[in-house]
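# what follows is a predicted protein model with its sequence.
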Amino acid sequence: ASERAAAAAALEANREKYQEASALSTALHSTSRWVLRTLRRRGALRAGGRALACLEVGAVNTQLLDARGLETRAIDLRSSNARIERADFFDVAPAAAYDVVVCALVINCVPDAAARGRMVAGLRAHLKAGGHCFLVLPRSCVERSRKLTPARFDDVLARAGLVERERRVTPKLLCLCLEAGAPGPAAPTAAEGGDALRP
């Protein structure tokens, strides 16, 4: 029992360090700024226009909660910020209620292939038709995977109903702006979705 308690404490300490590192990383390379700039450039976010409903999955800071023009629900499995709701993405029933969904460096951390596949489909299910999904992954998940080709990754997204509109590549990250379209012939299977999102 003491070994389990020690392992659980070590895991929690590592999660806290990860969240601190993520917060620092987003302060230096802001996903939120990219999201807002892209929404403005695409004409979805206008000064004086209606606020867009936004779901941020795996939130590590409150930048999108504070952004003008967005009404954001920020969730994280183990949030350390009182303004970010502690919630499991898989427990939030999709209802096509959001104009924007942001999922940065989350899917690649989901340990189960079936869950990764469900998450890809779930991101689309949370979006209204024509809504925007901002997906950020380590480039290694797409470029150096043993089980993935870029074409296969694109196919998984397309079959989930996510159509690429813009791509931003940094030395380590792949940042995609996707639009919610009609799902393809079949939603990604667990293996396909999972394989597509792990290096």
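Received, thanks.
# so for the longest strand seen in the chain, what gets flagged as buried?
Secondary structure of the chain per DSSP state E: the longest strand is strand 127-138. Residues Leu127, Lys128, Gly131, His132, Cys133, Phe134, Leu135, Val136, Leu137, Pro138 are the ones in strand 127-138 that count as buried (16 or more other C-beta atoms under 10 Å). (Each C-beta comes from the backbone N, C-alpha and C, glycine too.)
# and those residues, which two are furthest apart?
Farthest pair in the buried residues of strand 127-138 (C-beta to C-beta) is Lys128 and Pro138. Separation: 28.4 Å.
# surely Ala125 meets Pro94?
Yes: with contacts counted by C-beta atoms under 8 Å, Ala125 reaches Pro94, the gap being 3.4 Å.
# for the residue lying closest to His132 once chain neighbours are set aside, helix, strand, or coil?
Of all residues not flanking His132 in the chain, Val100 sits nearest, at 5.1 Å (C-beta to C-beta, 6 or more residues apart in numbering). The three-state label for Val100, taken from DSSP: H, G, I helix; E, B strand; the rest coil, comes out as strand.
# specify the beta-bridge partners of Val100.
Beta-bridge pairing for Val100 (DSSP bridges): Cys54, His132.
# what number of residues lie near it?
By the other C-beta atoms under 10 Å criterion, the neighbourhood of Val100 contains 26 residues.
# ok, now which ones touch it?
Neighbouring residues of Val100 by C-beta atoms under 8 Å, 6 or more residues apart in numbering: 35, 39, 44, 52-55, 70, 127, 131-134.
# same deal with Val101?
Counting by C-beta under 8 Å, 6+ apart, Val101 touches Cys54, Leu55, Glu56, Val57, Leu123, His126, Leu127, Gly131, His132, Cys133, Phe134.
# try it again with 6 Å
Contact partners of Val101, counting by C-beta atoms under 6 Å, 6 or more residues apart in numbering, are Leu55, Leu123, His126, Leu127, Cys133.
# can you tell me which of those residues is nearest Arg159?
Distance ranking of the contacts of Val101 against Arg159, using C-beta to C-beta, places Leu123 first at 12.9 Å.
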